[in-house]
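Chemist: Build me a structure from this.
(chains A and B)
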Amino acid sequence: DAGVTQSPTHLIKTRGQHVTLRCSPISGHKSVSWYQQVLGQGPQFIFQYYEKEERGRGNFPDRFSARQFPNYSSELNVNALLLGDSALYLCASIWDRGLQEQFFGPGTRLTVL
Amino acid sequence: QKEVEQNSGPLSVPEGAIASLNCTYSDRVSQSFFWYRQYSGKSPELIMSIYSNGDKEDGRFTAQLNKASQYVSLLIRDSQPSDSATYLCAVNDYKLSFGAGTTVTVRA
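Modeler: Below is the predicted model of the structure:
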């Protein structure tokens, strides 16, 4: 069985640009979450989607948006990139929304210059 | 006050010893607790889930949960160099809230 996949693996952008990150969950999982992890910190929650509906949003500005598609894959979009957006962006596939056992993909390393 | 706090590291233990990691959380309604292992440059890997008070053992790992004290811990027995990583405590409060992590180094 394929695990969680994310693309691209690495990305370099400049300030003010836009970026789209993609994620496919584990087969059979209907919920995904997005996290941002900066160096030396734990992952910070950005969004959670279940059955294409947003089920939670973390404390991030409106420059961050996401959506989930009918096949349960998801996109995270970030507009007007800032230097501080440089981080590892993680997508997690969720087995059970109640228990929240989450399995992470390999992540996308975003560098903003 | 941070939602999830972990004991500050780094933690250095000799090979074969027990590594003890601690985590406290602030939300009393949390029902699910997790430990993730993260190697440098990699994404977090789920190693333990615990949902009820008491101990849960899986191989060399033991998780302990005390909801009254809002405390969860992870013991790594017979530590191996391959256990050298950052360990993240996560608590479910409709989303996962993570601690900052404790870096463990197992010295041969």
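
Chemist: Who are the packing partners of the lowest-mean-pLDDT helix or strand in chain A?
Modeler: Lowest by mean pLDDT, DSSP states H and E among the helices and strands of chain A is strand A:53-57, with a mean of 92. Contact here means 3 or more Cβ pairs under 8 Å, 6 or more residues apart in numbering or on different chains; DSSP states H and E; on that basis strand A:53-57 packs against strand A:44-50. Placement of C-beta: from N, CA and C, glycine included.

Chemist: Run me through the strand neighbours of the strand it packs on, direction for each.
Modeler: Strand partners for strand A:44-50, identified by DSSP bridges, are recorded as strand A:31-37 (antiparallel), strand A:53-57 (antiparallel).

Chemist: List the buried residues of the shortest one.
Modeler: The reference is to strand A:53-57. For strand A:53-57, burial by neighbour count (16 or more other Cβ atoms under 10 Å in any protein chain shown) applies to A:Arg55.

Chemist: for stretch B:98-108, same thing?
Modeler: Buried, per 16+ other Cβ under 10 Å, within stretch B:98-108: B:Phe98, B:Gly99, B:Ala100, B:Gly101, B:Thr102, B:Thr103, B:Val104, B:Val106.

Chemist: Could you work out the most separated pair of the residues you listed?
Modeler: Across those, no pair lies farther apart than B:Phe98 and B:Val106, at 22.4 Å, counting by Cβ to Cβ.

Chemist: contacting residues for A:Ile94?
Modeler: A:Pro25, A:His29, A:Lys30, A:Ser31, A:Val32, A:Ser33, A:Gln48, A:Tyr50, A:Gln100, A:Glu101, A:Gln102, A:Phe103 (Cβ atoms under 8 Å, 6 or more residues apart in numbering or on different chains).

Chemist: got a pLDDT number for residue 46?
Modeler: By default, I'm working from chain A. Looking at A:Ile46, its pLDDT stands at 97.

Chemist: actually it's chain B I care about, not the one you picked
Modeler: pLDDT for B:Leu46: 96.

Chemist: Which of the helices or strands spans it?
Modeler: Assigned by DSSP states H and E, B:Leu46 belongs to strand B:45-50.

Chemist: Name the residues that touch that strand?
Modeler: A:99, A:101-104, B:32-39, B:56, B:58, B:61, B:63-65, B:72, B:74.

Chemist: Narrow those residues to those that are buried.
Modeler: Buried members of the contacts of strand B:45-50, counted by 16+ other Cβ under 10 Å: A:101-104, B:32-38, B:61, B:63-65, B:72, B:74.

Chemist: who does the closest residue to chain A within chain B bridge with?
Modeler: Going by Cβ to the nearest Cβ, chain A is nearest to B:Phe98 of chain B, at 3.1 Å. Applying DSSP bridges to B:Phe98 gives these bridge partners: B:Ala90.
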